[in-house]
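>>> can you look at this prediction? I've put the sequence above it.
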Amino acid sequence: MLLLQFFVSGVATGCFLILATIGFSLTRRVEGFLNIAHAELLGVSAFTTWWLNSHHGWHVLAAAVAAIAFTALVGLGIARVVYDPIRHREPAVLLITSTGVAFVIGGALHGLIGTGIRTLDIGLAQRYEAFGLRVTSHQLIVVGLAAAVSVSLAVFLNRTRTGLAIRAMAVNPELAASRGVNLSATSRATWLLSSGLAGLAGVMLAMLATLTTDLAFAQILQILAVAILAGLGSLYAVILSGLLVGVAMDVSAYWIPAGYRPLVAFAVVIVVLLFRPAGLAGTRSA
Amino acid sequence: MIPTQSIWLRLIAALFALTLVAAACGDDDPDEQPATDAPDTTSEPAATGDAEPADEEPDGESATDVAEPADDVAEPVDEEPAEAAEPADVGEITVGVLVPLTGELGEFGKIVADAIEFGVGEINAAGGTRCGTIRTVVADTGGDAETGIREATNMIESEGAVAVMGPTSGVMVALVDLAHREEVVIMSPYAGTINLNELGGNFVYRTVSSDLGDGAASGLWLSSRGYESVAFLIQNEESTISPAEVARDEVSGSGIEITDFIVYNPGQPSYQAELTTVLANNPDAIFLAGGQESGVTVIKEAVAGGFEGEWLFTADLAVPEIFDAVGAELINDKAFVEFADADPSLPEFIAFEERYDKAGDPFAPNSFDMITLVALSLEAADSCNGAGINSVIRGVAHSDGAEVSTFAEGRDILASGGAINYEGASGPLVFDESGTVSGAYTIQQAINGEWVNVEFYPASTFDG
């Protein structure tokens, strides 16, 4: 039963990783580089939620919606100002630039928020027990949102014109352009979507965690682990990858000290890449 | 192809890139002010003998720190004793205040900086040292060792600091080599790391006891509560693991069951995995040695998970903000916190409390003692530099001489050729071989949203 409890915890951990990584992977596929600043966008959203909720008394739901929208616009603004002018350069240049952007966002948060810890003005999580297993309301929200986002994203990418354009651009931008896809508009839609997803993950971070200005960037290693494990193929692999890493990390605590959880995450990545060098989903595809 | 971006976007991008380049290069240029988050407070030297401490307080938001670098700052090193023996012409002597004003430990850094400034105000009001009035240069480490080395180097080499006070454990350890190389005294009022048990003692001192003492005090408290089982949740840092191991040995030696000893990594959104076995074992108490970020989340998740027992926290959680962050109702009457503290019954502390309204803040007395010891050492030394301070500080802190508790008292006795024994506001300061003092510890309980003293362990509790 204890092992099952670790598994339940791992599913929740994995679902948070899915939320934190899915926007990152979308950017990686469409724009072609690892946007290290994605993690700091979680911080932008988390602290916007905190500011509206705890400082200005907004209901947490209204604060969350506003924070997600704001983060999406911030992400789009950064893309237009910083990345678009250099997007023809090597991915390594974009990656290094995104690291610089991460430092700028982190520094701005540090300057605006200051020292100490911050928490949302929300109640303690409710506890539910069934079949000897324990789960909290916060964990259920994370799992539910991860499922909703996954389904919604699938519908969006497969059923809408913009979604299909994003997929086409991810596979072959030149071919997509020759077939009438507006690459500029599609790129903007991608940044809005991926940054908005970072915003959603940031709201979850604010709900679960105790915020410091360093906390969001501390998630980047696990985001990278999940994204690399997923590979460049289908975005759905991010869901599998997130769950795999989350469950492996938490279930491992049944046998080995919990301090090794990050090590387990990367051990999973290494083992999988040994057998599937292109990640769970293989190479870039539609 | 994406259409070409408009000109203005390119210009903004270029500006952005230039900003990044400038930020990256700025710290490498010793002639430029480092762009840190440090405060802009340096107390102006109280050359007029103004008794008030600095008006400005560290706000942790501005760039570096310094007061106007004075042209007449005393030469800190390589000064011949004969020249230093005539300090009246010098006017000022510089000490560095190197504290975390941002980051998780920012609250403590501000307390330390304020208490030092209060001490400087008293010393300068009494006429300053024979090496000149004390001028402080403040910088923010953010708790980062690399930043600490850079700022300390700047303080010593550019500002002429003869002592650097206030680093946290990790920064303090990183500065040991610099202290030896530059012959500058480094002191901390809260760096309990056991690494300094080996590295400290020469140019490296602390007015707080080793973390191992915290472990002993925590173990003593846990063993005295009548618990049958205790779980340990320890943040993965040397400064928390070592004392926790001492506490664990004390607790298990008392016949209490240790249900879990879990070392966890901070910076996680959730600690449910770490709490799974703890909650399954349902101990009578949890010993939580963690920072504020991880600690608050652990407390909330444990209570949400059904834990109804008692808590013992370590010093990082001994701040009022915890009640807002956790929710006072969750920890009232159930939570205790242990930290190194001054003995409130000591007349030296009582006198300090009457002069300084923030004397009760954690590590404020230790910080005041630090600057007073440095000032008295300058009085006693042959030279106005770090080597001079280092050569006499042990004798100033503890000797067969007259007991003093303020700078003015000590200065007068030293001037008349006598020896002094400084009795600090934080307690008797007897440096052992590692430059560490023995400590006293307080246990506080969460009552009605406040930390209230419930037990005090004087240093003598742990003798032998």
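All right, it came through fine. Numbers count the residues shown, from 1 in each chain, chains lettered A, B, ... in the order given.
>>> quick check: which element contains residue A:28?
Using DSSP states H and E, residue A:28 falls within helix A:2-31.
>>> and the closest residue to chain B within the stretch 1-150 of chain A, what does it touch?
Residue of the stretch 1-150 of chain A nearest chain B, by C-beta to the nearest C-beta: residue A:115 (2.8 Å). In this view, the C-beta of every residue, glycine as well, is placed from N, C-alpha and C. Contacts for residue A:115 (C-beta atoms under 8 Å, 6 or more residues apart in numbering or on different chains) come out as B:60, B:100, B:101, B:102, B:103, B:104, B:106, B:107.
>>> tell me the one among those nearest to chain A.
Distance to chain A, by C-beta to the nearest C-beta, is smallest for residue B:106 among these, at 2.8 Å.
>>> tell me where the stretch 201-350 of chain B has strands.
For the stretch 201-350 of chain B, the strands defined by DSSP state E, counting those that start in this stretch cover B:204-206, B:229-235, B:257-264, B:285-289, B:310-313, B:335-340.
>>> so which of the ones you listed is nearest chain A?
Closest approach to chain A among those (C-beta to the nearest C-beta): strand B:257-264, 4.3 Å.
>>> what strands flank the closest one, and is each parallel or antiparallel?
strand B:229-235 (parallel) (DSSP bridges).
>>> export the strand it pairs with as CSV, just CAs?
Below are the C-alpha coordinates for strand B:229-235, written out as CSV (Å, rounded to 0.1, in the frame of the first residue of the first chain):
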residue,chain,number,x,y,z
SER,B,229,8.7,8.4,18.2
VAL,B,230,10.2,11.2,16.2
ALA,B,231,10.8,11.7,12.4
PHE,B,232,13.6,13.8,11.0
LEU,B,233,13.1,15.8,7.8
ILE,B,234,16.4,17.4,6.9
GLN,B,235,17.2,19.8,4.0
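>>> what pLDDT, on average, does it get?
For strand B:229-235, mean pLDDT rounds to 96.
>>> also stretch B:258-274?
pLDDT averaged over stretch B:258-274 gives 93.
>>> and for stretch B:422-433?
90.
>>> and stretch A:257-271, by the same measure?
Stretch A:257-271 comes out at a mean pLDDT of 90.
>>> surely residue B:366 touches residue B:426?
Yes - counting by C-beta atoms under 8 Å, residue B:426 is a contact partner of residue B:366 at 4.4 Å.
>>> shared neighbours, the two?
Going by C-beta under 8 Å, 6+ apart, residues that sit against residue B:366 and also against residue B:426 are B:189, B:207, B:208, B:342.
>>> ok, how many other residues are close to the closest residue to residue B:295 other than its chain neighbours?
Counting by C-beta to C-beta, 6 or more residues apart in numbering or on different chains, residue B:295 lies nearest to residue B:317, which is 5.1 Å off, once chain neighbours are set aside. Neighbour count for residue B:317, taken as other C-beta atoms under 10 Å in any protein chain shown: 27.
>>> ok, so what distance separates residue B:317 from residue B:338?
10 Å (C-beta to C-beta, to the nearest Å).
>>> over to residue B:303?
20 Å.
>>> please apply the same query to residue A:74.
When residue A:74 is compared with residue B:338 (using C-beta to C-beta), they lie 43 Å apart.
>>> so for those two, which residue has more residues nearby?
residue B:338 (29 against 19).
>>> could you list the domains of chain B?
B:81-208, B:212-342+B:440-462 (automatic domain parsing).
>>> and those, which is most packed in?
Across the domains of chain B, averaging neighbours per residue (mean count of other C-beta atoms under 10 Å in any protein chain shown) puts domain B:81-208 on top, at a mean of 24.
>>> the nearest residue to residue A:121 once chain neighbours are set aside in helix, strand or coil?
Using C-beta to C-beta, 6+ apart and skipping the chain neighbours, the partner closest in space to residue A:121 is residue A:54 (4.7 Å). Classification of residue A:54 using DSSP: H, G, I helix; E, B strand; the rest coil returns helix.
>>> burial count for residue A:54?
Neighbour tally, residue A:54, other C-beta under 10 Å: 19.
>>> isn't it up against residue A:119?
Yes - under the criterion of C-beta under 8 Å, residue A:54 makes contact with residue A:119 at 7.4 Å.
>>> isn't residue B:298 right next to residue B:270, touching?
No - Residue B:298 lies out of contact with residue B:270 (C-beta under 8 Å); the separation is 9.6 Å.
>>> where are the low-confidence patches of chain B?
Residue ranges of chain B with pLDDT under 70: B:1-90, B:463-464.
>>> check contacts around the closest residue to chain A within the stretch 201-350 of chain B.
Across the stretch 201-350 of chain B, the shortest distance to chain A (C-beta to the nearest C-beta) belongs to residue B:267, at 3.6 Å. For residue B:267, the contact set (C-beta under 8 Å, 6+ apart) comprises A:214, A:215, A:218, A:219, B:293, B:294.
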